[in-house]
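> make a model of this:
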Amino acid sequence: MTFLGTAASRPTVGRNVAALTVQRDGDLMLFDCGEGTQRQMMHYATGFAVDAIFVTHMHADHFLGITGLLRTLGLQGREEPLELYGPPGSRSTLEVMVRLGAERIPFAVPIRELEPGEMVCRDGYRVAAFCVDHGVRAVGYALIEDDRLGCFDVERARALGVPEGPLYGRLHRGQQVEVDGRVVQPSEVVGPPRPGRRVVYTGDSRPCPTTREIARDADLLVHDCTFGEEEAARARETYHATAAGAARMARDAGVRRLILTHVSARYADNPRILEEEARAEFPGSRVAHDGFVLEIPFAEQGD
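Predicted coordinates for the structure are as follows:
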């Protein structure tokens with residue numbers, strides 16, 4: 001995951017507006033696309049092989065960069081379609097963003113609105129939309145991997161006389177094999193399935209039950225932290241979160257790590273107060289900065 005923009009509402013000298021990329025194997029996805037995102041992608045070397053953009057809500061700092069990015073891709077000779085997803089009611093605005101650059105966009109840009117609970121199924125994982133609390137029609141997105149194969153017990157396989165090579169692969173894929181007239185079942189050498197990773201991105205939002213539920217035991221939660229606790233009333237009024245409020249929810253949900261973003265300009269040059277407030281509630285908290293790159297390990301690999 002590469003954080004391309006971590007500012008709230010407007011860019012600052014050191015922070016651009018909302019955007020982050022997620023690279024999973026050969027897939028590159030973009031979540032939100034504030035103004036200037038294509039330049040951030042150049043600056044932080046994410047590449048432009050993005051195949052889907054997921055927009056959380058239709059506040060301008062989360063989608064104004066779409067036209068520029070599409071034009072850049074067109075000028076680079078892209079031909080492959082780019083999927084564009086948004087919350088309910090977003091289609092008309094997203095269509096305008098595409099039309100504004102139409103003469104430079106020689107590829108298809110299919111648009112789909114996602115209701116909370118709907119998901120986009122991809123190879124080995126899915127991206128699920130869920131309801132967030134931001135005062136407008138908005139969704140967050142959870143990237144949920146399929147379960148992985150269980151661990152293969154090499155020593156047990158050897159003890160059963162299974163020769164190393166293709167038979168190991170067949171057993172690991174759930175196929176029984178025959179060795180010296182005896183049938184070896186996968187269950188004899190393969191452990192139970194292991195969960196994949198779960199990464200949750202809220203966009204702008206106050207802490208809410210739907211986020212807490214989908215983030216339960218997640219490997220990573222990326223949450224709004226627009227304000228410090230001294231501005232808690234303003235956070236409630238504007239449907240944003242304080243760093244401490246997001247951290248309390250992360251703690252209650254049992255997430256492994258919390259990354260905070262969407263930082264108000266008043267904290268842009270010194271986010272330490274936000275990080276300290278968050279860590280007092282949940283030690284696994286960090287405030288992101290533009291260019292911050294994070295690899296999400298499997299739970300058994302540790303951090």
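
> could you chop this protein up by domain?
2-148+195-294, 154-188 (automatic domain parsing).

> same list (those domains) but as a markdown table, adding mean pLDDT and distance to Glu300.
Yep, even glycine has a C-beta here, placed from its N, CA and C like the rest. Listed next are those as a markdown table, based on pLDDT from 0 to 100; distance: least, Cβ to Cβ, whole Å:
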| stretch | mean pLDDT | distance to Glu300 |
| --- | --- | --- |
| domain 2-148+195-294 | 96 | 10 |
| domain 154-188 | 91 | 17 |
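
> quick check: which of those domains is buried the most?
domain 2-148+195-294 (a mean of 20; mean count of other Cβ atoms under 10 Å).

> check the offset of it from the chain's centre.
7 Å (Cα atoms, centre = their mean, to the nearest Å).

> for stretch 150-167, same thing?
Using Cα atoms, centre = their mean, the offset of stretch 150-167 from its chain centre is 36 Å.

> helices of the protein, start to end?
Using DSSP state H, the helices of the chain run over residues 37-43, 66-75, 91-99, 154-159, 166-172, 209-214, 232-237, 243-253, 272-281.

> out of the ones you listed, nearest to Leu28?
Counting by Cβ to Cβ, Leu28 lies closest to helix 37-43 out of these; the figure is 9.6 Å.

> what comes into contact with the closest one?
4-5, 16, 19, 21, 30, 47-48, 50, 65, 68-69, 72, 290-291 (Cβ atoms under 8 Å, 6 or more residues apart in numbering).

> out of the residues you listed, list just those in strands.
Members of these lying in strands (criterion: DSSP state E): Leu4, Gly5, Ala19, Thr21, Leu30.

> now render those as TSV, adding distance to Pro297.
Below are the ones in strands among the contacts of helix 37-43 laid out as TSV (distance: Cβ to Cβ, whole Å):
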residue	distance to Pro297
Leu4	22
Gly5	25
Ala19	24
Thr21	18
Leu30	22
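
> Arg156: which of those residues is nearest?
Among these, and counting by Cβ to Cβ, the member closest to Arg156 is Thr21, at 40.9 Å.

> show me what the closest one is bridged to.
Thr2, Leu30 (DSSP bridges).

> same question, Ser285
Under the criterion used (DSSP bridges), Ser285 bridges to Leu258.

> now stretch 99-112 - C-alpha only, CSV.
In CSV, the C-alpha atoms belonging to stretch 99-112 read as follows (Å, rounded to 0.1, in the frame of the first residue of the first chain):
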residue,chain,number,x,y,z
ARG,A,99,-16.4,13.0,-20.4
LEU,A,100,-14.2,16.0,-19.5
GLY,A,101,-11.2,14.1,-20.8
ALA,A,102,-13.0,12.1,-23.5
GLU,A,103,-10.8,13.2,-26.4
ARG,A,104,-7.7,11.8,-24.7
ILE,A,105,-9.3,8.6,-23.3
PRO,A,106,-9.1,5.9,-26.0
PHE,A,107,-10.1,3.1,-23.6
ALA,A,108,-13.3,2.0,-22.0
VAL,A,109,-14.1,3.3,-18.5
PRO,A,110,-17.1,1.2,-17.2
ILE,A,111,-18.7,2.8,-14.2
ARG,A,112,-20.5,0.8,-11.4
